[in-house]
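# Provided below for reference: sequence and predicted model.
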Amino acid sequence: MGMVTGATTKFYDHIDKQTTNEIFFRFGNMVYQICFSGHYIQTEDLNTGMEEEYCFPQKGNDLIEAFLNARVNEAKNKSVREILAELPENELIVTN
Amino acid sequence: MGGRGARSGGRSGRAPNGYRTIGKIGSIKIIRNNTTGKGLPRKAASGNAKYFGTDSAGNVNQLGLYGKSKGKKKDIDWSHPFEGHPRGTVHAHTWKNGERSTDHVPLTKSEIKKYKETIEKATGRTDLKWEW
């Protein structure tokens, strides 16, 4: 139960921190790479090696919500928020 | 400082914290994040550094240029499509005051001259599109 919301809380705790470089997680066959100061989500399909980049012009909280609402999985049918709700906290990696 | 242990000093060009050097093309190191295997650092280990980054499989997919104060100055990418351009189109994103522009811009002629050969060597690709 705690694990279900843990990744979302961790995401909110770290995404806009000065010390955070990028946030990474893997879900299914995709790796997600999110950068607040870079205004992007990059995805990589581990089966094909194909990468995509999604840029977001928003700032501050609007940018965080735009990241969370983005549907950038392969089928474009699941938001980052929905993925994080299913992701164990320890699978969300924060780089400095 | 000054020791002769396994850890090399800044001037000898160590990789940034959390990264390791897996290769070098010309004077540019190929680095990988120890945890994620991909991505480039926010700060370089030294001023005016340049690093190649990799994807999860270890293929070079990005060149990061850093400024005098070690912060990101420019990302040069080619591995993802953008704004109607196919994968393999080389483009840059400028960083200013720690924030990256969402604009995709072509490399200047002098940047192409400076980096084309090195990027082709690092990626093993000669099919990249440089001017658009």
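Noted; the coordinates are in hand.

# Only C-alpha atoms from now on, for both contacts and neighbour counts.
Fine.

# just checking, B:L40 touches B:D55?
No - the criterion here is CA atoms under 8 Å, and B:L40 misses it with B:D55 at 10.3 Å.

# more crowded one of the two?
Neighbour totals were compared for B:L40 and B:D55, and B:L40 leads with 25 against 21 (other CA atoms under 10 Å in any protein chain shown).

# Spit out the contact partners of the more buried one.
B:I31, B:R32, B:N33, B:Y51, B:F52, B:G53, B:G64 (CA atoms under 8 Å, 6 or more residues apart in numbering or on different chains).

# Could you list the low-pLDDT ranges of chain A?
Applying pLDDT under 70 to chain A picks out residues A:1-5.

# just the residues of it that are near chain B, which are they?
A:21, A:24, A:37-40, A:44, A:46, A:49-53, A:55-57, A:93, A:96 (CA under 8 Å from any CA of the partner chain).

# For the spatially most central residue of chain A, give me its contacts.
The C-alpha lying nearest the average C-alpha coordinate of chain A belongs to A:I34 (CA atoms, centre = their mean; 4.9 Å). A:I34 is in contact with A:E22, A:I23, A:F24, A:Y40, A:I41, A:Q42, A:F67, counting by CA under 8 Å, 6+ apart.

# one more time with 7 Å
Residues in contact with A:I34, defined by CA atoms under 7 Å, 6 or more residues apart in numbering or on different chains, are A:E22, A:I23, A:F24, A:Y40, A:I41, A:Q42.

# Residue 62: neighbour count?
I'll assume chain A. The local packing of A:D62 (other CA under 10 Å) involves 12 other residues.

# my bad, the chain I had in mind was chain B
25.

# So which of the residues of chain A next to chain B are in strands?
A:F24, A:Y40, A:E44, A:E51, A:E52, A:E53, A:C55, A:I93 (DSSP state E).

# Looks like the third one contacts A:Q33 (just checking).
Meaning A:E44. No - counting by CA atoms under 7 Å, A:E44 does not reach A:Q33; the two are 8.5 Å apart.

# which stretches of chain A form helices?
Assigned helices in chain A, in chain order: A:2-14, A:60-69, A:80-86 (criterion: DSSP state H).
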